[in-house]
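In: Here is my input; please provide its structure:
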Amino acid sequence: MEVATIRIQKPAISSEPFKVSLYLTPALMELEPDSPIASEHELKLCKTAEGTNLTGIFSTLDNEEPSMEGWITHKMQCLPVYNTQYLKMKEHYLRSAKPPRRVKPLNHIVKNYKPVSSHAHNKDDCKRKDGPKMLSKDNIMDLLFQAFEKHQYYTLKDLQFITKQSLFVLKAILKDIGDYNKDPAHKKMWELKEEYRHY
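Out: The predicted structure is shown next:
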């Protein structure tokens, strides 16, 4: 079947190259109507560099030895003409490439999280970088007295959380102002010495 027609148009100026166009036949276009293709194409002549090897064309017929048909002396680039038919073809292939959108029913409630300026792990990293600030003995004692005004007994871990100081420093100060309980009711807890109590 006839698939295409080539038209060669002579240029107005002799120095310019010939305009070569390729037109596909309607019979070829109707073979696959669901897959549209551009019917008009422009063939541009590519300049071949000097000294390049020529490409030969061979043909075979009924398992016979291949026969030489000719040489390729010029190469042409086939480009579709930018028209409405070409745009329809591009639109068809772009739509077929994208997956269709589907509605998916949800069987559970989706949690919506509000944006947070500073996340918990960022705050922890800042705390680790900064580290606990070393306070003076008077400041630590003030914090301890304020704490003991609220409660009579504290564990060492709770006092460390309140003062944000090291255990070594806290123990040294608590030995001066506090008593370590060993009775079962408040075992392993600290309270102020009698001279510091005012409750």
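In: How much space separates residue 112 from residue 118?
Out: Using Cβ to Cβ, to the nearest Å, we find residue 112 at a distance of 19 Å from residue 118. (Glycine included, C-beta is placed from N, CA and C.)
In: What strand or helix carries residue 65?
Out: Assigned by DSSP states H and E, residue 65 falls within no helix or strand.
In: next SSE after the helix or strand of the chain with the lowest mean pLDDT?
Out: Counting by mean pLDDT, DSSP states H and E, the weakest-scoring helix or strand in the chain turns out to be helix 120-130, with a mean of 67. The C-terminal neighbour of helix 120-130 among helices and strands, as given by DSSP H and E, is helix 137-150.
In: Got phi/psi on the closest residue to residue 178 other than its chain neighbours?
Out: Computed as Cβ to Cβ, 6 or more residues apart in numbering, the closest residue to residue 178 that is not its neighbour in sequence is residue 190, at 4.6 Å. The main-chain torsion angles of residue 190 are listed as degrees, to the nearest 10 and equal phi -100, psi 150.
In: Strands along the protein, start to end?
Out: Counting by DSSP state E, the chain has these strands, from start to end: 4-9, 19-24, 40-46, 55-59, 67-72, 75-80, 178-180, 190-192.
In: And the pLDDT for residue 131?
Out: At residue 131, the predicted lDDT confidence score is 56.
In: repeat for residue 189
Out: Looking at residue 189, the pLDDT reads 88.
In: Can you give me every residue that contacts it?
Out: When the contact criterion is Cβ atoms under 8 Å, 6 or more residues apart in numbering, the partners of residue 189 are 153-155, 180-181.
In: rerun that using 7 Å as the cut-off
Out: With contacts defined as Cβ atoms under 7 Å, 6 or more residues apart in numbering, the neighbours of residue 189 are 153-155, 181.
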